[in-house]
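# Got a sequence here, can you build the structure:
(one chain, ligands or ions: 1)
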Amino acid sequence: MAASTSLRALSSIKLWSTGSFGLEKRTCHVNCVSVGRRCTNARNLGLVCASNSQSSVVEPVQLPGSPKSSTTPKKSSESALILIRHGESLWNEKNLFTGCVDVPLTPKGVEEAIEAGKRICNIPVDVIYTSSLIRAQMTAMLAMMQHRRKKVPIIVHNESERAHKWSQIYSEETKKQSIPVITAWQLNERMYGELQGLNKQETADRFGKEQVHEWRRSYDIPPPDGESLEMCAERAVAYFKDHIIPQLVAGKHVMIAAHGNSLRSIIMHLDKLTSQEVISLELSTGIPMLYIFKEGKFIRRGSPAGPSEAGVYAYTKNLAQYRQKLDGMIQ
Ligand SMILES: O=C(O)[C@@H](CO)OP(=O)(O)O
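Alright, predicted model coming up:
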């Protein structure tokens, strides 16, 4: 954690209630086909991965001011976990090392986030986690605006007592139509140290391709004054275990919008990759990946199909039923 101590601790972990998953009739402007079984990662790393934690249970996310919701898992005991790397940022476009520099999306990145949203518009989402960086937050918001359920994603502000108090919602009905968005610095991109702001090609020309590849993709070699993937995993995976797995155990459907390396470290954990295997794991910008959490296990389902692609509508009975309800609402 040493290298991450300089990061701003913007984690907002105060709890919200996501309310029931009741559906209401609305008009959908998005023509979506649901989940197709595709893997868009560089490698297809297999389907079944083990979770290590069913034991640490914390309260599900709760809206400020609402009565505590029950920790009893939903009947289905099956939850969706969506991971999305942010859309293209202005520094991705310029080929600069970005790390924890807070750079927004390009117009292409905005499009990617919208497209990602179309791919997941039939998958339930009860709570969203993002890093504290704007490119992940923009991606989460733009993606959720495509969702057929039309709930409003709202950032939880618990950085101070005042921020918490001043962002209260006083209508239970409005809370039910909202999705809490929890920001956590632990999900930030790896801190790239003295490479931040440097051009990747120029850095390779100066230090050699192999050296730069080692800094970028090795598991335990940090770039100068920055975090290795291992160091990034220490905080990102710890956050995932302590805050996100309990939500899944409680039956909540979770979306995480984060970064190439914080997500690589979480996928390494979910898919039980070795430090050798993770070297070749590359994540594209703006591509959602779906896991099903069931009976303490994570089942990898690849990337949901795009709206113009034919595909299987759902992987599980619960997802199929959710989609059917949405279809019923929209007729
Ligand atoms: O610059 C960065 O922060 C990351 C992600 O864009 O780059 P890399 O792919 O080299 O880890």
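# Give me the below-cutoff pLDDT ranges for the stretch 1-150 of the chain.
Applying pLDDT under 70 to the stretch 1-150 of the chain flags residues 1-76.
# Please name the spatially closest residue to the residue of it at minimum distance from the ligand (chain neighbours excluded).
Residue of the stretch 1-150 of the chain nearest the ligand, by Cβ to the nearest ligand atom: residue 98 (3.6 Å). C-betas here are computed from N, CA, C, even on glycine. Computed as Cβ to Cβ, 6 or more residues apart in numbering, the closest residue to residue 98 that is not its neighbour in sequence is residue 91, at 4.4 Å.
# contacting residues around that neighbour?
Residues counted as contacts of residue 91 (Cβ atoms under 8 Å, 6 or more residues apart in numbering) are 97, 98, 101, 103.
# Please report the distance of residue 190 from residue 264.
Remark: distance between residue 190 and residue 264 (Cβ to Cβ, to the nearest Å) = 9 Å.
# Looking at those two, which is more packed in?
Taking other Cβ atoms under 10 Å, residue 190 and residue 264 do not tie; residue 190 has more neighbours (29 against 26).
# got the contact list for that one?
Contacts for residue 190 (Cβ under 8 Å, 6+ apart) come out as 99, 226, 227, 228, 229, 231, 232, 259, 261, 262.
# Which of those fall in helices?
Counting by DSSP state H, the contacts of residue 190 place 229, 231, 232, 261, 262 in helices.
# can you tell me which of those are up against the ligand?
Subset of the ones in helices among the contacts of residue 190 in contact with the ligand: residue 261, counting by Cβ under 6 Å from any ligand atom.
# Report the buried members of the ones in helices among the contacts of residue 190.
Buried residues within the ones in helices among the contacts of residue 190, counting neighbours by 16 or more other Cβ atoms under 10 Å: 229, 231, 232, 261, 262.
# need those residues in CSV with pLDDT, can you?
CSV is the format used below for those (pLDDT from 0 to 100):
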residue, pLDDT
229, 98
231, 98
232, 98
261, 98
262, 98
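# among these, which two are most distant?
Farthest apart among these by Cβ to Cβ are 231 and 262. That separation is 11.2 Å.
# hang on, the earlier thing: tell me the contacts of the residue of the stretch 1-150 of the chain closest to the ligand?
89, 91, 92, 189, 192, 196.
# pLDDT score for residue 324?
Looking at residue 324, its pLDDT reads 83.
# Close to the ligand: what parts of the protein are there?
Close to the ligand, as judged by Cβ under 6 Å from any ligand atom, the chain has residues 92, 97, 98, 99, 189, 192, 216, 260, 261.
# Tell me which stretches of the stretch 101-250 of the chain form helices.
Taking DSSP state H, counting those that start in this stretch, the helices of the stretch 101-250 of the chain run over residues 107-119, 134-144, 161-166, 172-176, 200-207, 209-217, 229-239, 245-249.
# If you count neighbours, what's buried in the fifth one?
Looking back up the chat, that one is helix 200-207. Under the neighbour-count criterion of 16+ other Cβ under 10 Å, helix 200-207 has 200, 203, 204, 207 buried.
# again, but for the fourth one
For helix 172-176, the buried set under the neighbour-count rule, 16+ other Cβ under 10 Å, comprises 175, 176.
# Just the mean pLDDT for it, thanks.
Mean predicted confidence for helix 172-176 is 97.
# how near is the nearest residue to residue 146 once chain neighbours are set aside to residue 147?
Nearest non-adjacent residue to residue 146, counting by Cβ to Cβ, 6+ apart: residue 117, 3.0 Å away. As for residue 117, its distance to residue 147 is 6 Å (criterion: Cβ to Cβ).
# which residue is nearest the centroid of the chain?
Centroid-nearest residue in the chain, with Cα atoms, centre = their mean: residue 256, separated by 1.4 Å.
# Okay, and the beta partners of that one?
Residue 256 forms beta bridges with residue 83, residue 129, as assigned by DSSP bridges.
# Next up, the contacts around it.
Counting by Cβ under 8 Å, 6+ apart, residue 256 touches 81, 82, 83, 84, 128, 129, 130, 187, 244, 263, 266.
# try 10 Å
Counting by Cβ atoms under 10 Å, 6 or more residues apart in numbering, residue 256 touches 81-85, 127-131, 136, 140, 182, 184, 187, 236, 239-240, 244, 262-263, 266, 288-289.
# again with residue 197
Applying Cβ under 10 Å, 6+ apart to residue 197 gives the contacts 91, 94, 96, 97, 98, 99, 101, 103.
# Any of those buried? List them.
91, 96, 97, 98, 99, 101, 103.
# Between the residues you listed, which sits nearest residue 169?
residue 103 (30.8 Å).
# I'd say the closest one and residue 87 touch.
No: in terms of Cβ atoms under 10 Å, residue 103 does not count as a neighbour of residue 87; the distance is 11.6 Å.
# and residue 194, how far is that from the ligand?
Here residue 194 is placed at a distance of 13 Å from the ligand (Cβ to the nearest ligand atom, to the nearest Å).
# tell me, how many neighbours does that residue end up with?
So residue 194, with other Cβ under 10 Å, has 11 neighbours.
# same check, this time on residue 316
When counting by other Cβ under 10 Å, one arrives at 16 neighbours for residue 316.
# Could you do the one 5 residues further on as well?
In terms of burial, residue 321 registers 12 neighbours under the definition other Cβ under 10 Å.
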